[in-house]
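Engineer: quick one, fold the following:
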Amino acid sequence: MAQVADDHDLSALHLHDRHSGLGITNDDLVAMYRTILLARLLDQKIWGLNRMGKAAFVVSAQGHEGAQIGSAWAIRKGHDVVLPYYRDLGVALTLGMSAYEILLAVFARRDDPNSGGRQMPSHWGSRRLGIISGSSPIATHIPHAAGIGLAANLRGDDRVAVCYFGDGAASKGDFHESLNFAGIHRLPIVFICENNGYAISVPLAKESAVENIAQHAHSYGA
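Structural biologist: Modelled structure (predicted):
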């Protein structure tokens with residue numbers, strides 16, 4: 001039993017070294033896991049409210065939580081500029097939006113911090129948190145990210161634009177034009193594709209001949 005305990009301790013130490021080397025503390029790990037759980041439970045609640053006819057619209061983020069929260073944890077909250085897409089519930093929570101504020105948007109209440117209840121739910125927006133509100137058409141926020149990155153270069157500041165989208169957006173001209181522009185001007189943008197294998201209801205194989213969306217970046221010098 002002593003040998004097993006020693007192996008366990010060594011394994012735990014190894015894991016600690018792995019994440020501490022990335023600047024992630026044990027408290028960070030616990031907080032990340034709590035946010036992942038909150039995102040899943042909140043999503044399930046909103047889904048249930050929609051099925052009961054109490055919430056007019058829902059865009060599920062289930063299965064995206066790890067990618068969203070893990071990536072958003074590195075964002076400098078209130079400093080970097082974030083352009084989420086409609087499934088980014090976990091990103092909004094990580095950046096500081098509360099579950100209550102998200103539900104205000106779901107029920108279209110005037111105190112909704114995203115749009116005062118004027119937009120559909122999941123159209124995130126917050127000046128305080130540096131979140132740029134998007135529009136319903138897919139991929140239209142990606143050129144905005146390119147413009148924000150160019151503005152950061154012109155101002156000489158160290159802000160970074162972080163742009164999220166799904167694999168369906170990678171088949172739009174907005175995506176390719178933005179990546180090309182960002183590559184030419186070496187813009188401070190992080191493009192994050194949450195590839196769940198579907199563009200709404202169209203499988204990836206029927207929307208793209210490129211299975212690995214990240215390969216597109218090589219065409220634009222990234």
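
Engineer: rest of the way, CA atoms for contacts and neighbours
Structural biologist: OK.

Engineer: send the alpha carbons of stretch 101-116 over as PDB?
Structural biologist: Taking only C-alpha atoms (Å, rounded to 0.1, in the frame of the first residue of the first chain), the coordinates of stretch 101-116 have been written out as PDB:
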ATOM      1  CA  GLU A 101     -27.600  38.100 -16.300                       C
ATOM      2  CA  ILE A 102     -27.800  35.300 -18.900                       C
ATOM      3  CA  LEU A 103     -31.300  34.400 -17.800                       C
ATOM      4  CA  LEU A 104     -32.300  38.000 -18.100                       C
ATOM      5  CA  ALA A 105     -31.400  37.700 -21.800                       C
ATOM      6  CA  VAL A 106     -33.300  34.400 -22.100                       C
ATOM      7  CA  PHE A 107     -36.500  36.000 -20.800                       C
ATOM      8  CA  ALA A 108     -35.900  39.300 -22.700                       C
ATOM      9  CA  ARG A 109     -35.900  41.500 -19.600                       C
ATOM     10  CA  ARG A 110     -34.900  45.200 -19.800                       C
ATOM     11  CA  ASP A 111     -32.100  44.600 -17.300                       C
ATOM     12  CA  ASP A 112     -30.400  42.200 -19.700                       C
ATOM     13  CA  PRO A 113     -26.800  43.500 -19.900                       C
ATOM     14  CA  ASN A 114     -26.300  42.200 -23.500                       C
ATOM     15  CA  SER A 115     -29.000  44.200 -25.300                       C
ATOM     16  CA  GLY A 116     -31.700  45.300 -22.800                       C
END
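
Engineer: how far is that stretch from where the chain is centred?
Structural biologist: When distances are taken as Cα atoms, centre = their mean, to the nearest Å, stretch 101-116 is centred 19 Å away from the chain's centroid.

Engineer: residues contacting it, please?
Structural biologist: By Cα atoms under 8 Å, 6 or more residues apart in numbering, the residues outside stretch 101-116 that reach it are 46, 55-58, 117-126, 133.

Engineer: between those, which is nearest T35?
Structural biologist: Proximity of the contacts of stretch 101-116 to T35, judged by Cα to Cα, is greatest for I46, which lies at 16.2 Å.

Engineer: so which strand or helix has the closest one?
Structural biologist: Element membership of I46, judged by DSSP states H and E, is helix 26-51.

Engineer: restricted to helices, list the contacts of stretch 101-116.
Structural biologist: Secondary-structure check on the contacts of stretch 101-116 using DSSP state H: residues within helices are I46.

Engineer: highest neighbour count among the contacts of stretch 101-116?
Structural biologist: When neighbours are taken as other Cα atoms under 10 Å, the top entry among these is W124 (28 neighbours).

Engineer: right, I'll call it a day here.
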